[in-house]
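Novice: Quick check, what structure comes out for this input:
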Amino acid sequence: GDRNTAGNGGVSRLFRLVSVAMQLGGARGHSVNIELNGSEQINTSPVNLWESVIDPVVLQRAIPGCISMTETGEGQYQMTLELKVAAVGGSFEGAVSLSEMNPPHSCVITVSGSGTLGTGGGNATVAITEGDDGNALISYQAQGEVSGLVAGVGQRILMGVAKHLARQFFAALKKEFAAA
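Specialist: Model (predicted):
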């Protein structure tokens, strides 16, 4: 089922743009896999952290380059990113869904989308546990695949960018609780 293109001329225009960009980049059909995992301590309770990571307002503030994040349904969001990856800058429109929700302990986040940067998708398993001091520890295992213009910069650079974006995200998330 090709439900994404229904009734939206902007989408096909976007896809045409992306395919042109991919041809220019010589990266047609080329995709790069990214894997990322780690854990971060956040100075708040697991329950508070859980409430924040499913709150689109907090996510929009914390996700690097996120211009908008709109809830489209239960655990479903639409987001727009403006990012610069290495020398390549552009936008990315994506759908985000939360599944396998086990509040306040774990969930699976799935992202898919496309834009001038290329096409990408992936998922992350997120777990929140309580440390000895009562603060939350969030750990994640993520894997994704990107293709198009952004894949042309190569896996090594993309991995560096992914790590950098993850650091920025967690730094911003920690700030949410630092003010309290």
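Novice: The closest residue to L98 other than its chain neighbours: how many residues sit nearby?
Specialist: Leaving aside its chain neighbours, L98 sits nearest to G75 (3.9 Å; criterion: Cβ to Cβ, 6 or more residues apart in numbering). In this view, the C-beta of every residue, glycine as well, is placed from N, C-alpha and C. Neighbourhood size, G75 [other Cβ atoms under 10 Å]: 14.
Novice: Give me the distance between G75 and G38.
Specialist: Applying Cβ to Cβ, to the nearest Å, the value for G75 to G38 is 23 Å.
Novice: In space, not sequence, find me the middle residue of this structure.
Specialist: Geometric centre of the chain, nearest residue: V111, 6.2 Å, by Cα atoms, centre = their mean.
Novice: residue contacts, that residue?
Specialist: 94-96, 120-123, 144 (Cβ atoms under 8 Å, 6 or more residues apart in numbering).
Novice: longest helix in this protein, by residue count?
Specialist: helix 155-178 (DSSP state H).
Novice: that older thread, look up phi and psi at the residue nearest to L98.
Specialist: Main-chain dihedrals, G75, degrees, to the nearest 10: phi 70, psi 20.
Novice: Show me the contact partners of stretch 72-87.
Specialist: With Cβ under 8 Å, 6+ apart, stretch 72-87 has contacts from 54, 56, 59-60, 63-71, 89-99, 101, 113, 115, 117, 150, 153, 157-158, 161, 165.
Novice: Sorry, wrong one. I was asking about stretch 34-47.
Specialist: With Cβ under 8 Å, 6+ apart, stretch 34-47 has contacts from 49, 52, 104-105, 122, 128-131, 134-146, 155, 158-159, 162-163, 166, 170, 173-174, 177-178, 180.
Novice: Alright, I will stop here.
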